[in-house]
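**Q** Everything below, folded, please.
(chains A, B and C)
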Amino acid sequence: MSTAIVWFRRDLRLTDQPALSYAAQHHQHLIALYIHRDGEDHPIGAASRWWLHHSLFALNESLIAKQSRLIIRQGQCLEVLEKIIKESKAEAVFWNRLYEPHLIARDSIIKETLIQKGLIVKSFNASLLNEPWAITKSDGQPYQVFTAYMNACLKQSPFASKPLSAPKQLPSSPPIKSDSLKKLSLLPKIAWDKNFYACWQPGELGAHRTLNDFAKTRVSHYATARDFPATHGTSLLSPHLAFGEISAHTIHTTLSKNSSQNGNSSYLRQLYWRDFANYLLFHFPDTKNQPLDKRFLHFAWRKNTKKEFNAWSKGQTGIPIVDAGMRELWSTGWMHNRVRMITASFLCKNLRISWQQGAQWFWDTLVDADLANNTMGWQWVAGCGADAAPYFRIFNPVLQSEKFDEGGDYLKKWVPEIAGLPNKYIHAPWQTPAEILNESGVVLGKTYPHPIVDLSQSRIDALAAFSHIKTYK
DNA sequence: TTTTGAGTTGTTCGA
DNA sequence: GTCGAACAACTCAAA
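**A** I've put the predicted structure just below:
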C-alpha cells in the first residue's frame, strides 16, 4: 500500500491542485503536509502570517471533510521531509512549483536528494498561466516589456485542459503526528488584526465566493471602476491568489466563460501582469534587492529619513490621499491598487526614500504580499523596473486624489479628522482658506499634520536626482 | 541587417 | 475648462 506526501506551500486548496490530484489517483495513502519555517530567507510578514493561520485552518477543515487531515511540522524543509518519509515509509513526494529564485534553489536540492534516495518526486505548475521559461523572444532572451510579453503569451494556446476538480475522495492519512496550528504562533500578540475579520474570509471557500461575486457583479465594470478607491471595483482576489487558495487557471476559465463582459480582458491582463512579475524575478533574480536598471545604483536616495518614513507608514504625511491609503493598509492588510501607486510614488519621488524600504513595509503589512508582485510594483513606481517608466512620470497626489476620489469618500473614510472640509479643499487641506479651516474644525499641525514635504519643490528635486543618473551606464 | 514607430496606470505649461 | 505638446529612454516587432 503506497504512501505519498503532498507538500502544500502556496497552494492551500483542493480544487485545481495538480499535486494533490496526482497523489489521490496513484496512491493509497496520503500525507497532506505543511512545513512552517521561521527564519527562512524572506520570511512572510505579520499580516500574511495572520492570513496563513486562517488559511491553514480552512485547509485542514476541507481535508477533514474528505476523511483526511493536515499534518503541520516545523523545521528545515528537507529534514522534515526526510523525517516524515522515515516515519511513514512514504514512496513519493509531490508539490506545486514556486518561482522565487531562492525557493527554486531550495526545491531543486530537495528534489535531487530525494530522488537519489529512491523516492518518486514530481512537481507541477499550479500557479501561473505560463511558466517563466516557456516564454522567450525569438533570440532566446527574456522580454522586458509587458505588452510584448503578453502578446507572446497570447500566441501560445494557454491550457491543454480544464482546471482540475477537487478529488471526490482522498486516500487515508497514516497515523503520524502533527504540530498544532496554534504552536506556530502566527496570530499577533496585540490585536491589530481586529478589523481583518470583517474584511476577509481566508481559505478556499472564501476565494471561490470572492471570485463568483466578482464574476457576477463587478467584472463587467472592472475596466473603469478599478481605478476608484472608494468604490468596490477590484477583484479582491489578491490574497487568495498569494496563498494559492484559488488558481489563476480557475479564475481565467471562470471569467472567460462570460467573454461578452468588457471588463474581462482588462482583468485577465492583470493576471498576465502577475505572471510577468514572476517571469521577471525568475529571469532577473537579483531584482529582489537591486534595481533592474543598474543606473539606479547611483541614485541619490535621501539619508536620515526615519522621521519621514514613519510619517508615511503611519499615514501622517499631511497629504490626505497618501494618509488614507497607508491607514487602509494598516487597518485592513490591503490597499487599493491605484492608491498603492500614489503612496509608493510619494515615498520614492517626493520623499526620495528608496523603494526597497517601501517594499519592506508593504511586505510586512499586506495580506496579499507576494515577492514577485511587490518587487515589480515598487520598481515600476521607482522608475528602475522592466517597464522603463519615464523618470519624469511623477504622480501628483493631489491631482490623483481629485481625479480618482472626486467626492472625497475614500478620504473621509480613512482620514475622518478632515471629513468636515468641503470637497474643493479636502484633497489639499493646506491650501484651504483659514476661515474655512475654522468652520470645518480642522487645525493644521494639531488635528491634522501640515504636509511633511512641499510637493512641487520635491518634484523638481526628484527630477534633478533622476537627471543626474542618466549619464551612468 | 537596419530603420521606424508604438508603447508607457503622468504632469505641467501655454494657447 | 480643455487640449496638445513637451518632458527622454529603451525595448521590441514589423517593415
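**Q** C-alpha only now, for contacts and for neighbours.
**A** OK.
**Q** A:Pro451 reaches A:Gly318, doesn't it?
**A** Yes. With contacts defined as CA atoms under 8 Å, A:Pro451 counts as touching A:Gly318 at a distance of 4.1 Å.
**Q** what about those two, which has more around it?
**A** Remark: of A:Pro451 and A:Gly318, A:Gly318 carries more neighbours, 21 against 17, as counted by other CA atoms under 10 Å.
**Q** contacts for the longest strand along chain A?
**A** What stands out as the longest strand in chain A, according to DSSP state E, is strand A:29-36. Residues from elsewhere that reach strand A:29-36 (CA atoms under 8 Å, 6 or more residues apart in numbering): A:1-9, A:23-24, A:68-75, A:77, A:80, A:170-174, A:184.
**Q** from the residues you listed, which would you call buried?
**A** Applying 16 or more other CA atoms under 10 Å to the contacts of strand A:29-36, the neighbour count classes A:3-9, A:23-24, A:68-74, A:77, A:80, A:170-174, A:184 as buried.
**Q** any idea which helix or strand carries whichever residue of the stretch 151-300 of chain A sits closest to DNA strand B?
**A** Nearest residue of the stretch 151-300 of chain A to DNA strand B: A:Gln270, at 7.1 Å (CA to the nearest atom of the strand). A:Gln270 belongs to helix A:263-283 when assigned by DSSP states H and E.
**Q** Could you do A:Phe159 as well?
**A** Element membership for A:Phe159 (DSSP H and E) is empty, with no helix or strand holding it.
**Q** how near is it to A:Gln25?
**A** Using CA to CA, to the nearest Å, one obtains 21 Å as the distance from A:Phe159 to A:Gln25.
**Q** what's the answer for A:Phe228, then?
**A** Here A:Phe228 is placed at a distance of 46 Å from A:Gln25 (CA to CA).
**Q** Between those two, which has more neighbouring residues?
**A** For A:Phe228 and A:Gln25, the more surrounded residue by other CA under 10 Å is A:Phe228, and the numbers stand at 20 against 12.
**Q** quick check, distance from the strand or helix carrying A:Val80 to the centre of its chain.
**A** Following DSSP H and E, one finds A:Val80 within helix A:77-88. Shown here is helix A:77-88, whose average C-alpha point lies 30 Å from the average C-alpha point of the whole chain (CA atoms, centre = their mean, to the nearest Å).
**Q** Go ahead and name everything in contact with it.
**A** A:Thr3, A:Ile35, A:Arg37, A:Arg73, A:Gln74, A:Ala90, A:Glu91, A:Ile110, A:Pro174, A:Ile176.
**Q** same thing with stretch A:294-312?
**A** With contact meaning CA under 8 Å, 6+ apart, stretch A:294-312 is reached by A:290-291, A:317, A:322-323, A:326, A:347, A:351-354, A:384, A:452, A:465-466, A:468-470, A:472-473.
**Q** do stretch A:325-341 as well
**A** For stretch A:325-341, the surrounding residues in contact (CA under 8 Å, 6+ apart) are A:47, A:192-193, A:195-196, A:199, A:226-229, A:312-315, A:321-322, A:343, A:365-368, A:381, A:414.
**Q** and that stretch, average pLDDT?
**A** Per-residue pLDDT values over stretch A:325-341 give a mean of 97.
**Q** Please see if the strand or helix carrying A:Ser456 touches DNA strand B.
**A** Taking DSSP H and E as the criterion, A:Ser456 maps to helix A:455-469. Yes. Contact between helix A:455-469 and DNA strand B is present through A:Ser456 (criterion: CA under 7 Å from any atom of the strand).
**Q** could you dump that helix to CSV, C-alpha only?
**A** Presented in CSV, the C-alpha positions along helix A:455-469 are these (Å, rounded to 0.1, in the frame of the first residue of the first chain):
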residue,chain,number,x,y,z
LEU,A,455,5.0,68.7,-3.4
SER,A,456,6.2,70.9,-6.3
GLN,A,457,9.7,71.6,-4.9
SER,A,458,10.2,67.8,-4.1
ARG,A,459,9.1,67.0,-7.7
ILE,A,460,11.8,69.4,-9.0
ASP,A,461,14.4,67.8,-6.7
ALA,A,462,13.5,64.3,-7.8
LEU,A,463,13.8,65.3,-11.5
ALA,A,464,17.2,66.7,-10.8
ALA,A,465,18.2,63.5,-9.0
PHE,A,466,16.9,61.4,-11.9
SER,A,467,18.6,63.6,-14.4
HIS,A,468,21.9,63.0,-12.6
ILE,A,469,21.9,59.2,-13.1
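**Q** Just the buried residues of that helix, please?
**A** In helix A:455-469, the ones that count as buried by 16+ other CA under 10 Å are A:Leu455, A:Ser458, A:Arg459, A:Asp461, A:Ala462, A:Leu463, A:Ala465, A:Phe466, A:Ile469.
**Q** need the helices for the stretch 201-350 of chain A, in chain order.
**A** Taking DSSP state H, counting those that start in this stretch as the criterion, the stretch 201-350 of chain A contains helices spanning A:204-213, A:222-225, A:238-242, A:248-257, A:263-283, A:306-314, A:320-332, A:337-345.
**Q** For the fourth one, what is the distance to the chain centroid?
**A** Read that as helix A:248-257. 19 Å.
**Q** ok, now the last one?
**A** Chain-centre distance of helix A:337-345: 14 Å, with CA atoms, centre = their mean.
**Q** next structured bit after that helix?
**A** helix A:355-365.
**Q** how much does that following helix deviate in direction from helix A:320-332?
**A** Interaxial angle, helix A:355-365 versus helix A:320-332 (axes from the mean of the first three to the mean of the last three CA atoms, to 10 degrees): 40 degrees.
**Q** if we can go back for a sec, make JSON lines out of the helices of the stretch 201-350 of chain A and add mean neighbour count and distance to A:Trp95.
**A** Shown next, in JSON lines, are the helices of the stretch 201-350 of chain A (neighbours: other CA atoms under 10 Å; distance: least, CA to CA, whole Å):
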{"stretch": "helix A:204-213", "mean neighbour count": "18", "distance to A:Trp95": "18"}
{"stretch": "helix A:222-225", "mean neighbour count": "18", "distance to A:Trp95": "34"}
{"stretch": "helix A:238-242", "mean neighbour count": "23", "distance to A:Trp95": "16"}
{"stretch": "helix A:248-257", "mean neighbour count": "18", "distance to A:Trp95": "17"}
{"stretch": "helix A:263-283", "mean neighbour count": "21", "distance to A:Trp95": "18"}
{"stretch": "helix A:306-314", "mean neighbour count": "16", "distance to A:Trp95": "37"}
{"stretch": "helix A:320-332", "mean neighbour count": "24", "distance to A:Trp95": "31"}
{"stretch": "helix A:337-345", "mean neighbour count": "22", "distance to A:Trp95": "31"}
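**Q** just to revisit the earlier point, got the angle between the helix holding A:Val80 and strand A:29-36?
**A** Taking the same axes, to 10 degrees, one finds that helix A:77-88 is oriented at 150 degrees with respect to strand A:29-36.
**Q** For helix A:77-88, the averaged confidence score.
**A** If you average the pLDDT values across helix A:77-88, you get 97.
**Q** list the buried ones in it?
**A** Within helix A:77-88, the residues scored as buried using 16+ other CA under 10 Å are A:Cys77, A:Leu78, A:Val80, A:Leu81, A:Glu82, A:Ile84, A:Ile85, A:Ser88.
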